[in-house]
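*Asks:* A predicted structure for the sequence below; I have some questions about it.
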Amino acid sequence: MSTEATQQSSTLHFLDYWRVIRSRKEIVLAVAILVVLTGTVYTLMLPNMYRSQVRISVKESSPEINPFAGQQMYGTPYNPYFLRTQFEIIQSKPILYEVINRLNLQQEWAKGEEALTRDVAHKILQNSVNVVQQRDTSLVVISVNRDNPDEAAAIANELAEVYRDSRLDLALSDARGAIDKIEGLRSSGIDTII
């Protein structure tokens, strides 16, 4: 019995609301139209934003021949933190500072005024860049949002190039280190490596 009373009272509440809405339909309709028009005008007044994306393949580098390993392992073990680390490296200050230097973004974004400081340009660039992993792959998507489509494309491409150059420099320094160790062993009289 109490369930029927509760259901009837809730039905009455709904009917009461419906009667109020019907009696004030002009006001309800005016508010709805006003909200839609305001949203449309606001959207049209916003500046255009363009997104440029670059997809790069990121694989963990390992020497093909390791002279210091007793047995050669083919393939590398899975490292779950590798891609997350690379995301952070791509968005790190040294990489973004190099992009700022190569594209001269401090002067470009100053728009005829005094050049921006490197930290301000870094903050603008950092807020424009988004790095994500393509699902279930080793592909990384670098997205850049800017109000100029050519600038967005140039920044995305340059960011990929700077990251590639930094990976190549790291691989080259690792190779030089290995060669120096081998030459150090040879000069100390050890000719064979077990």
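*Replies:* The structure has been received and is ready for your questions. If you're wondering where the values come from, they're calculated on a predicted model, not measured in any experiment. Numbering: from 1, shown residues only.

*Asks:* drop to CA atoms for contacts and neighbour counts, all remaining ones
*Replies:* Noted.

*Asks:* stretch 139-149: which residues count as buried?
*Replies:* By 16 or more other Cα atoms under 10 Å, the buried positions in stretch 139-149 come out as 139-146.

*Asks:* tell me which two of those residues sit farthest apart.
*Replies:* Farthest apart among the buried residues of stretch 139-149 by Cα to Cα are Leu139 and Arg146. That separation is 22.7 Å.

*Asks:* picking that back up, pLDDT for the buried residues of stretch 139-149 - can I get that in TSV?
*Replies:* Formatted as TSV, those follow (pLDDT from 0 to 100):
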residue	pLDDT
Leu139	88
Val140	90
Val141	93
Ile142	93
Ser143	95
Val144	95
Asn145	94
Arg146	93
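
*Asks:* where's Ile33 relative to Asp147, distance?
*Replies:* Per Cα to Cα, to the nearest Å, Ile33 is found 30 Å from Asp147.

*Asks:* ok, back up a step: and the buried residues of stretch 139-149 as CSV, adding distance to Phe82 and secondary structure?
*Replies:* Shown next, in CSV, are those (distance: Cα to Cα, whole Å; DSSP: H, G, I helix; E, B strand; the rest coil):
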residue, distance to Phe82, secondary structure
Leu139, 12, strand
Val140, 12, strand
Val141, 15, strand
Ile142, 16, strand
Ser143, 20, strand
Val144, 22, strand
Asn145, 26, strand
Arg146, 29, strand
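
*Asks:* by mean pLDDT, which helix or strand of the chain comes out lowest?
*Replies:* helix 2-23 (a mean of 72; mean pLDDT, DSSP states H and E).

*Asks:* other residues contacting whichever helix or strand comes after it?
*Replies:* Toward the C-terminus, helix 2-23 is succeeded by helix 25-45 as the next helix or strand (DSSP states H and E). Contacts to helix 25-45, defined as Cα atoms under 8 Å, 6 or more residues apart in numbering, come from residues Ile21.
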